[in-house]
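Trainee: Below is the sequence, then the predicted model.
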Amino acid sequence: MAGMFLAGIAPAPAATQQVVLAGGCFWGMQAVFESVRGVTHVVAGFSGGAADTAHYDMVSTGTTGHAESVDITFDPSQVSFEQLLGVYFLVAHDPTELNRQGPDDGSQYRSEIYYTTAQQRDQALAYIASLGKRHVYPDPIVTKVAPLSGFYPAEAYHQDYLVHNPDQPYIVYNDLPKLRALREKFPALVNETAAPMRVVATN
């Protein structure tokens, strides 16, 4: 198991920012955000629980407090945090599903934003309020917003899972459509040279 990243302990370079987002299975989340221009690094992992329970088999029980998450490093000069929120809420997952996402059930699949700055917190809360006022979804948004206390990378075989397993049925039915939706809804944000987008081009 790789080491833990803590907000404030190993900060990214000044030119980049970090946020951790949870929204269902991290396979699809990682592929979506890796395909956004201005995103420089995405790691699949766990947030919300303790270091000693940050293992896939334990998190899968739904009893650890962890959520499957992605640690996103991005260049705000190329993509804004608000634009990332748009991708998160309108492409990467359904923020109205409580403790589940599609076929996956349990608190480890919850919708949660782990912010690293007060500005991110304020922007996230404002974005959620805006979605509600505009009735973008027929059901209430259940996304939680909390400070990032720790992020624990998942096992190596989970990293870039979509790229390495493009024909796996779960990927075909649940995650490749998200990449197509990204291209349809946010064409100006797509990094067509990203590995996940090359997978879509051949499927």
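Mentor: Structure's in. What do you need? Numbering: from 1, shown residues only.
Trainee: how far is the worst-scoring helix or strand of the chain on mean pLDDT from where the chain is centred?
Mentor: Lowest by mean pLDDT, DSSP states H and E among the helices and strands of the chain is helix 195-201, with a mean of 92. The chain centroid and the centroid of helix 195-201 are separated by 18 Å under Cα atoms, centre = their mean, to the nearest Å.
Trainee: Pull out the buried residues from it.
Mentor: 196-197, 199-200 (16 or more other Cβ atoms under 10 Å). In short, each C-beta sits where N, CA and C put it, glycine included.
Trainee: Using TSV, lay out these together with distance to Thr16.
Mentor: Formatted as TSV, those follow (distance: Cβ to Cβ, whole Å):
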residue	distance to Thr16
Pro196	20
Met197	21
Val199	25
Val200	26
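Trainee: Out of these, which comes closest to Pro138?
Mentor: Ranked by distance to Pro138 (Cβ to Cβ), those are led by Val200 at 28.4 Å.
Trainee: what's the helix or strand for the nearest residue to the closest one once chain neighbours are set aside?
Mentor: Spatial nearest neighbour of Val200, chain neighbours left out: Leu179 (4.6 Å); criterion: Cβ to Cβ, 6 or more residues apart in numbering. Using DSSP states H and E, Leu179 sits in helix 176-185.
Trainee: can you give me how far that helix is from the chain middle?
Mentor: 15 Å.
Trainee: What residues does His41 make contact with?
Mentor: The contact partners of His41, by Cβ atoms under 8 Å, 6 or more residues apart in numbering, come to 71-73.
Trainee: what comes up buried for the helix or strand hosting it?
Mentor: Secondary structure from DSSP H and E places His41 in strand 39-47. Using 16+ other Cβ under 10 Å as the test for burial, strand 39-47 gives 39, 42-47.
Trainee: And those residues, which two are furthest apart?
Mentor: Maximum distance among the buried residues of strand 39-47 (Cβ to Cβ): 19.7 Å, for Val39 and Phe46.
Trainee: ranges for the strands of the chain?
Mentor: 17-23, 39-47, 67-74, 100-101, 104-105, 111-115, 144-147, 151-153 (DSSP state E).
Trainee: mind putting those strands in TSV, mean pLDDT included?
Mentor: Listed next are those as TSV, based on pLDDT from 0 to 100:
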stretch	mean pLDDT
strand 17-23	98
strand 39-47	98
strand 67-74	98
strand 100-101	97
strand 104-105	97
strand 111-115	98
strand 144-147	98
strand 151-153	98
